[in-house]
Every structure is written in structure tokens, then in C-alpha cells.
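S.K.: task: produce atomic coordinates for the following.
(one chain, ligands or ions: 2)
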Amino acid sequence: MDENDEDQRLPHHLDPEQFVSLDYLEDLGVLYWHLNPMDYENDEELHKIRAARGYNYMDLLDLCPEKVENYDQKLKNFYTEHIHGDEEIRYCLEGSGYFDVRGKDDRWIRIWIRAGDLIVLPAGIYHRFTLDTSNYVKLMRLFVGEPVWTAYNRPQEDHPARKGYIKNFTEKVGVALEAR
Ligand SMILES: CSCCC(=O)C(=O)O
Ligand SMILES: [Fe+2]
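M.R.: Ligands and ions are numbered 1, 2, ... in the order given. Below you'll find the model as predicted:
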């Protein structure tokens, strides 16, 4: 994505546009599935993913000002670059939004998620989230065990999750992730 200061809810494509593959995302540790969002309560595929990865915790987050306390502050925090000590797992049931993750050479990659997209960000990856111009998203949040949503804002080079991420993923994407 480009890094100009225009509205964060705009697409921010480079000119000309550049895209990465799902394989590239997988090398960064980012996993993706497309599921049927109309059937999330009985979806066998979702059930299998949750069972295989131990995602026993689940809740729903409706991101609109009427339903979320401190809405503006939360959105601001979501868009502040951060990591977590665990995976961040989000399944988009309605609406849409952007997850930005840091890729090779520390450049932002903007991932547009829409209804049916299930995305897993690995522990320790620098990322942020914003709504797009639709201004609405309904997300399922999954977690292994008791959820911990604590965000650690960049820089976090000494955080164990960051060190673990560097160790697991730099071989694939090169040394560029290190040292910042
Ligand atoms: C609205 S879910 C995505 C925001 C985020 O990165 C987080 O919750 O940690
Ligand atoms: Fe996060």
C-alpha cells in the first residue's frame, strides 16, 4: 500500500497497483480461508478449523458506534501498529475492513477482508486494522483458551512473541524483518 496521509479508510493502492499472493502471506505466517458466512452457526468447515487449531473461545464483535464502548478510541488503538502474544484470529461475517501487516522490507501490505474471510495473524507480527468506507464490520473473534487482547505497540523487539516471530519467519522472507 502507499503510505500517504489520506483517509485510512481508502484503499491506498500503490500506483500502479501491486498485489501479493496467498503464498506470500503464508510465508509471513498469515493464514486465510474463505467460508460461508451465512452458515457460521452450523458450518462444518469452520468447526474443523476450530477443532484442528484449538480455537475453543468465540465471540462476536459488531463494530459500530451504537454497540461499542469508546468506539473512536478503540478504532484509534486498532490502527496503531502493534503485536500480540498470541495469534489474532478474525472471521468477517458482515461488512468489510482492512488488516495491514508488515511484509518484506518492512512495507505495509493491506489485506481487504469481506464477509466469508477468515484470517489468522501469527503472534508477534506487526499489524493494524481499520474500517473501510463501508464503515461497518461484524467479526467473529476466536482464541485458544481464555482470550487475551492486549496490544503491545511498536517497537517491541524484545517481546518474546516478536523474537519468536522473527525466528520462525525471517528465513522465508529474508533478514529484512530483523533489527527494526
Ligand atoms: C477489530 S479486530 C482487529 C483489530 C486488532 O488488531 C486487534 O483487535 O488487536
Ligand atoms: Fe491486533
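S.K.: pull the longest helix from the protein.
M.R.: helix 160-173 (DSSP state H).
S.K.: neighbouring contacts of that one?
M.R.: 27-29, 83-86, 103-104, 122-125, 152, 156-157, 177-178 (Cβ atoms under 8 Å, 6 or more residues apart in numbering). To be clear about C-beta, it is placed using only N, CA and C from the backbone, and glycine gets the same treatment.
S.K.: please name the nearest non-neighbouring residue to the residue in the chain that ligand 1 sits nearest to.
M.R.: Residue nearest to ligand 1 within the chain: residue 129 (3.5 Å; Cβ to the nearest ligand atom). Leaving out its chain neighbours, the residue that sits closest to residue 129 by Cβ to Cβ, 6 or more residues apart in numbering is residue 78, at 4.3 Å.
S.K.: just to check, the one you found is in contact with residue 139?
M.R.: No: counting by Cβ atoms under 8 Å, residue 78 does not reach residue 139; the two are 11.0 Å apart.
S.K.: picking that back up, quick one: the residue nearest to residue 129 from residue 88, how far?
M.R.: Distance, residue 78 to residue 88, using Cβ to Cβ, to the nearest Å: 11 Å.
S.K.: these two: which is more packed in?
M.R.: The residue with more neighbours, out of residue 78 and residue 88, is residue 88; 22 against 17, by other Cβ atoms under 10 Å.
S.K.: for residue 19, what are its contacts?
M.R.: Residue 19 neighbours (Cβ under 8 Å, 6+ apart): none.
S.K.: how confident was the prediction at it?
M.R.: On the pLDDT scale, residue 19 is placed at 97.
S.K.: doesn't it belong to a strand?
M.R.: No: under DSSP: H, G, I helix; E, B strand; the rest coil, residue 19 falls outside any strand and is assigned coil.
S.K.: what separation is there between it and residue 57?
M.R.: Distance from residue 19 to residue 57, by Cβ to Cβ: 33 Å.
S.K.: got it, and residue 135?
M.R.: Applying Cβ to Cβ to residue 135 and residue 57 gives a distance of 27 Å.
S.K.: for residue 47, same thing?
M.R.: Taking Cβ to Cβ, one finds residue 47 at 14 Å from residue 57.
S.K.: who has more neighbours out of those two?
M.R.: residue 57 (14 against 10).
S.K.: just checking, the more buried one touches residue 146?
M.R.: Yes: counting by Cβ under 8 Å, residue 146 is a contact partner of residue 57 at 7.0 Å.
S.K.: circling back: does the longest helix of the chain reach ligand 1?
M.R.: No: shown here: helix 160-173 not in contact with ligand 1 (Cβ under 6 Å from any ligand atom), separated by at least 12.8 Å.
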